[in-house]
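[1] Dropping a prediction and its sequence here:
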Amino acid sequence: MFRRLFWFFSGAAAGVWATTKVNRAVRRLSPDSLAATAADKALETGARLRLFAQDVRAGMTEREIELKDALGLEAAAGDLPEQHRAALDAPRPRPQQLKTYKQSHKQSYNRKDDH
C-alpha cells in the first residue's frame, strides 16, 4: 500500500514538474516573447556599437594629433622646415584634371557584337 502511494505521488510530482517546464517553454517561445527578446538584443548591440564608434573616434583624434605634431602641421608657417612648407604650398590637382579608368576607357567590349 505505501509503495503504491509513493509511486502515485512521485508520478503526480513528475507531472506537475513537466507541465511547469512545458508552460515556461511555451511562454518563452511565443511570438511576443521572441520579439521582445530580439528587440532587447538589438538595443544592446546598438549600444555596444555606439560605444565602439566613440572609442574609434577618440583613437582617431589622438592619432591625428600625434601625426600632426610629428609632421609639424600645427606649427606656424615660419616654424616649418623648408620641405614641409614646399609640400603645403604645392598646387593640388583639380578634380576635373583627374581621369578615372572608366572615363579614359569608354569603349566596352560586348560579345554580342561578334555574332
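    Noted; the coordinates are in hand.
[2] going forward, measure contacts and count neighbours with C-alpha atoms only.
    OK.
[3] for Asn23, what are its contacts?
    Going by CA atoms under 8 Å, 6 or more residues apart in numbering, Asn23 touches no other residue.
[4] ok, now the one 4 residues further on?
    Applying CA under 8 Å, 6+ apart, we find Arg27 in contact with Ser33.
[5] tell me the average confidence for stretch 21-33?
    Here stretch 21-33 scores 90 as its mean pLDDT.
[6] can you check stretch 40-48 too?
    Rounded mean pLDDT across stretch 40-48 is 93.
[7] Keeping just the C-alphas, turn it into CSV.
    This file holds the C-alpha atoms of stretch 40-48, laid out as CSV (Å, rounded to 0.1, in the frame of the first residue of the first chain):
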residue,chain,number,x,y,z
ASP,A,40,16.3,43.8,-26.3
LYS,A,41,19.3,42.2,-28.1
ALA,A,42,19.1,44.8,-30.9
LEU,A,43,19.2,47.6,-28.4
GLU,A,44,22.1,46.0,-26.6
THR,A,45,24.0,45.6,-29.8
GLY,A,46,23.3,49.2,-30.9
ALA,A,47,24.6,50.5,-27.5
ARG,A,48,27.8,48.4,-27.9
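[8] what helices or strands is whichever strand or helix holds Leu51 leaning on?
    Under the criterion of DSSP states H and E, Leu51 resides in helix 31-71. Applying 3 or more CA pairs under 8 Å, 6 or more residues apart in numbering; DSSP states H and E, one finds that helix 31-71 makes contact with no other helix or strand.
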